[in-house]
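Engineer: model the structure of this input:
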Amino acid sequence: MASHTAFAADKADLVLGIVGTGAMGRGIAQIAAEAGITVRLADARAEAVGEARDFVAGMLARKVEKGRLDQAAADAAVARLEATDAGPEKGYAAFAGCDVVVEAVAERMEVKHAVLKGLEAAVGPDCVIATNTSSLSVTGFAAAAERPGRVAGFHFFNPVPLMKLVEVIGGVMTEAWVLDGLCALAERMGHRPVRTTDTPGFLVNHAGRAFGTEALRIVAEGVCDFAAVDRIVTGAAGFRMGPFTLMDLTGLDVSHAVMESIYHQYYEEPRFRPVQITAQRTAAGLFGRKVGRGFYAYPEGKQAWPEEPPVPSAGSRPVWISERHPEAAACLRGVLQAAGGELEQGSRPSDGALCLVTPFGEDATGAALAESLDPTRTVAVDLLFALAGRRTVMTTPVTETACRDQAHALLAADGSAVTAIQDSPGFVAQRILACIVNVGCEIAQQRIAAPDDINRAVELALGYPHGSLAFGDRLGPRRVLSILENLQAATGDPRYRPSLWLRRRALLDLPLDTPENA
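Structural biologist: Next up is the predicted model:
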C-alpha cells in the first residue's frame, strides 16, 4: 500500500469538485468558495449548474446586504465557482486537477457507484473522493472503488452554511490521511468536523434516536398526549422544541422512514424500536407542517396548541413529603412552604394527609408501596430538574382527584406551569433524558466517536441544550443509571438496559466524557 500524508487543506490553490448541485451541493459550494477554495461544479442536469451558481451568488449578496460580508469578498467567492459540463454522459475530465471531490447526488447506491466509477477514471491517484450520504454505508459506497482507501464520508447538514458541523466518516478501508485531510478541510470552511465510524445513522442520526422514539412510547402507553410531552421537554428540560413539534417540522414521512431504517440496520436493537403510532399516521398522510396537519394542526401555517386545563383549586389537606430522596424532598418542601402548604414533619403521614413522593425511574404506584403509603392519597412529583421551569405531577391509578388537584395547585402557586400525567416509571423527562444519555454512552462504548465529538455533534446538529454525555454529567451518572435500572425492572424491556460505559463511570464516580486510558 502506498504511503500518503493528508493533502494540504490550507493551500491557496486547493480545488474542490462537487457532483450534484441540489441543496447540499450548493451549500458545500458556498462555504468552500467563501473559504478561498476553487469549486468545480457538475450535475446530471446541465442547467442545474448555472442555477446553483446563481443561487450561491444570491446568498452571498444577501450576506453583503446584512453587513456580514463585503462586496469584494462576495465577488471573489462567486468567481471561484466554475461551471463544468462534466456528468455521467461526458465523463469527469474537468475534475482531473481536483484535490477532493464530493458527491452529493441522489441517495441511491447505484447512482453513487456510477459517479464513483466516472470520477476514478478522471482524477489523480491522490485525489480524495468523499460522499455526502446521510443514510448509506460509506464502506458500501467505497466497495465499488478501485482504491477504496481514499474514499470517505463527508456528511454536511442542511442548510450547510448555518449547520456548522460535518461528520467525517471512515469506511472499513479508509486510510488515516484521508480523514485527517477532510477534518482540516472542514475547519478551513468554518465547520466543526467530528470523526465517526461507518455505522447506521453515523453519529448525529444515531445519537438522536432516543428523543422521538421514547416520546412516542410514552404516548403509546397512555401516560399523556403529544402536547404534554412537548411542553415538559421544552419547559422543564430546556429543549428548543419538543419531539412531536420536531417530527412535524421534519415531516413524519421522513422521520418514520429513518426510525425504521436505523432500527432494522441495527438488527432490531430494542433501544431504537419504533412505535406503531408513526406508521399509522404516515399511512394517513399526517406528515406535519408541510401538509397542514401532523401531531398538531397548522391553520394558516401556524402551529395550533391545544389549551391547557386551568389550575385547580387547592384543597386543605396537610401535606406529607417523603424523605426517601432527601435532596429532592428539601427542594419540594421549600416550594410548598412558599406556597402556603401545611406541611407535616413526622416520619409517617397522618390519616388523610396528601402524600408526596419524589421517585427516580419508578412510578407513583411503586413509590407509594415501597413506603407503605396509601396510594389513594399519593402523588409523585418529578424533581429531576429541581422544580425549575415546568413541573410534573403523576398519580397512581387510584389517586383521588382532590389529592392530585391540591398537589397541582400548590406547585402552580408561584406561577409555574404544571402538567399532570398518568402513572409512568420515570415520568416523562426522566425517561427521555435517561435514554438520550444511554444512547450517547453506547456510542462512546462502541468507539463510534470520541466523547467530546459526541457532545459537540449533539449540540450543533440536533440543537439539544447539552450534549448527550454532558447532559448525563449534569444530571449525575449514578442518577441516570438508577433511572434506567428502575425502568428496566418495572417494564422488563431491554430498551432500558444501561450501557456499560454509563455503568462503569457511575460506579467509579467519573464523568461520562472520561475517555479510556488506552
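Engineer: grab the nearest non-local neighbour of Ile232.
Structural biologist: Val428 (4.7 Å; Cβ to Cβ, 6 or more residues apart in numbering). Glycine gets a C-beta too; all of them are placed from N, C-alpha and C.
Engineer: neighbours around the one you found, how many?
Structural biologist: Neighbourhood size, Val428 [other Cβ atoms under 10 Å]: 28.
Engineer: per-residue confidence at it?
Structural biologist: Reading off the per-residue confidence, Val428 sits at a pLDDT of 98.
Engineer: where along the stretch 151-300 of the chain do the strands fall?
Structural biologist: 151-156, 165-170, 192-197 (DSSP state E, counting those that start in this stretch).
Engineer: what does the first one contact?
Structural biologist: Applying Cβ atoms under 8 Å, 6 or more residues apart in numbering, the external contacts of strand 151-156 come out as 24, 27-28, 102, 116, 128-134, 138, 141-142, 145, 163, 165-171, 173-174, 178-179, 182, 186, 191, 198, 202.
Engineer: tell me which element Gly472 falls in.
Structural biologist: Element membership of Gly472 [criterion: DSSP states H and E] is helix 468-475.
Engineer: downstream of that helix, the next helix or strand is which one?
Structural biologist: Moving toward the C-terminus from helix 468-475, the next helix or strand (DSSP H and E) is helix 477-491.
Engineer: which SS class is Thr392?
Structural biologist: Here Thr392 takes the strand state, with states given by DSSP: H, G, I helix; E, B strand; the rest coil.
Engineer: look up how far Asp509 lies from it.
Structural biologist: Using Cβ to Cβ, to the nearest Å, one obtains 28 Å as the distance from Thr392 to Asp509.
Engineer: now stretch 121-128: how far from the chain's centre is it?
Structural biologist: Relative to the centre of its chain, stretch 121-128 is centred 35 Å away, using Cα atoms, centre = their mean, to the nearest Å.
Engineer: tell me the buried residues in it?
Structural biologist: 122-123, 127-128 (16 or more other Cβ atoms under 10 Å).
Engineer: what about the stretch 351-500 of the chain, any weak spots by pLDDT?
Structural biologist: For the stretch 351-500 of the chain, no stretch has pLDDT under 70.
Engineer: format the buried residues of stretch 121-128 as JSON lines; extra columns: distance to Asp70 and secondary structure.
Structural biologist: As requested, the buried residues of stretch 121-128 are arranged in JSON lines below (distance: Cβ to Cβ, whole Å; DSSP: H, G, I helix; E, B strand; the rest coil):
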{"residue": "Ala122", "distance to Asp70": "36", "secondary structure": "coil"}
{"residue": "Val123", "distance to Asp70": "34", "secondary structure": "coil"}
{"residue": "Cys127", "distance to Asp70": "33", "secondary structure": "coil"}
{"residue": "Val128", "distance to Asp70": "31", "secondary structure": "strand"}
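Engineer: which two in those residues are spaced the farthest apart?
Structural biologist: Pairwise distances among the buried residues of stretch 121-128 were taken by Cβ to Cβ; the largest, 13.8 Å, belongs to Ala122 and Val128.
Engineer: who's more crowded, Thr392 and Asp509?
Structural biologist: The neighbour comparison of Thr392 against Asp509 (other Cβ under 10 Å) goes to Thr392, with 28 against 9.
Engineer: near the closest residue to that one other than its chain neighbours, how many other residues are there?
Structural biologist: Here the nearest residue to Thr392 in space, its sequence neighbours aside, is Asp382; by Cβ to Cβ, 6+ apart that works out to 4.2 Å. Asp382 is surrounded by 25 other residues when neighbours are defined as other Cβ under 10 Å.
Engineer: so what's the predicted local confidence for Met1?
Structural biologist: Spelled out, the predicted local distance difference test score at Met1 is 44.
Engineer: helices along the stretch 401-518 of the chain, start to end?
Structural biologist: In chain order, the stretch 401-518 of the chain shows helices spanning 401-412, 429-445, 451-457, 468-475, 477-491, 500-507, with DSSP state H, counting those that start in this stretch as the criterion.
Engineer: between these, which gets nearest to Asn158?
Structural biologist: Shortest separation from Asn158 across those is recorded for helix 451-457, at 15.4 Å, computed as Cβ to Cβ.
Engineer: and the closest one, C-alpha only, in PDB?
Structural biologist: Listed next in PDB are the C-alpha coordinates belonging to helix 451-457 (Å, rounded to 0.1, in the frame of the first residue of the first chain):
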ATOM      1  CA  PRO A 451     -16.800  11.700  23.900                       C
ATOM      2  CA  ASP A 452     -16.100  15.300  23.000                       C
ATOM      3  CA  ASP A 453     -17.300  14.800  19.400                       C
ATOM      4  CA  ILE A 454     -20.500  13.200  20.700                       C
ATOM      5  CA  ASN A 455     -21.300  16.200  22.800                       C
ATOM      6  CA  ARG A 456     -20.500  18.800  20.200                       C
ATOM      7  CA  ALA A 457     -22.300  16.900  17.400                       C
END
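Engineer: which elements pack onto it?
Structural biologist: Taking 3 or more Cβ pairs under 8 Å, 6 or more residues apart in numbering; DSSP states H and E as the contact definition, the neighbouring helices and strands of helix 451-457 are strand 165-170, strand 192-197, helix 204-207, helix 429-445, helix 468-475.
Engineer: got the buried residues for that helix?
Structural biologist: Buried residues in helix 451-457, counting neighbours by 16+ other Cβ under 10 Å, are found at 451, 453-457.
Engineer: so can I have JSON lines of those residues showing distance to Gln303?
Structural biologist: As requested, the buried residues of helix 451-457 are arranged in JSON lines below (distance: Cβ to Cβ, whole Å):
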{"residue": "Pro451", "distance to Gln303": "35"}
{"residue": "Asp453", "distance to Gln303": "33"}
{"residue": "Ile454", "distance to Gln303": "31"}
{"residue": "Asn455", "distance to Gln303": "30"}
{"residue": "Arg456", "distance to Gln303": "29"}
{"residue": "Ala457", "distance to Gln303": "27"}
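Engineer: count of neighbours near Gly294?
Structural biologist: The burial count assigned to Gly294 is 25, neighbours taken as other Cβ under 10 Å.
Engineer: please name the residues that touch it.
Structural biologist: When the contact criterion is Cβ under 8 Å, 6+ apart, the partners of Gly294 are 244, 247-248, 252, 281, 286-288.
Engineer: now, the most widely separated pair of the residues you listed?
Structural biologist: Greatest spatial distance among the contacts of Gly294 (Cβ to Cβ): Phe244 and Phe287, at 12.8 Å.
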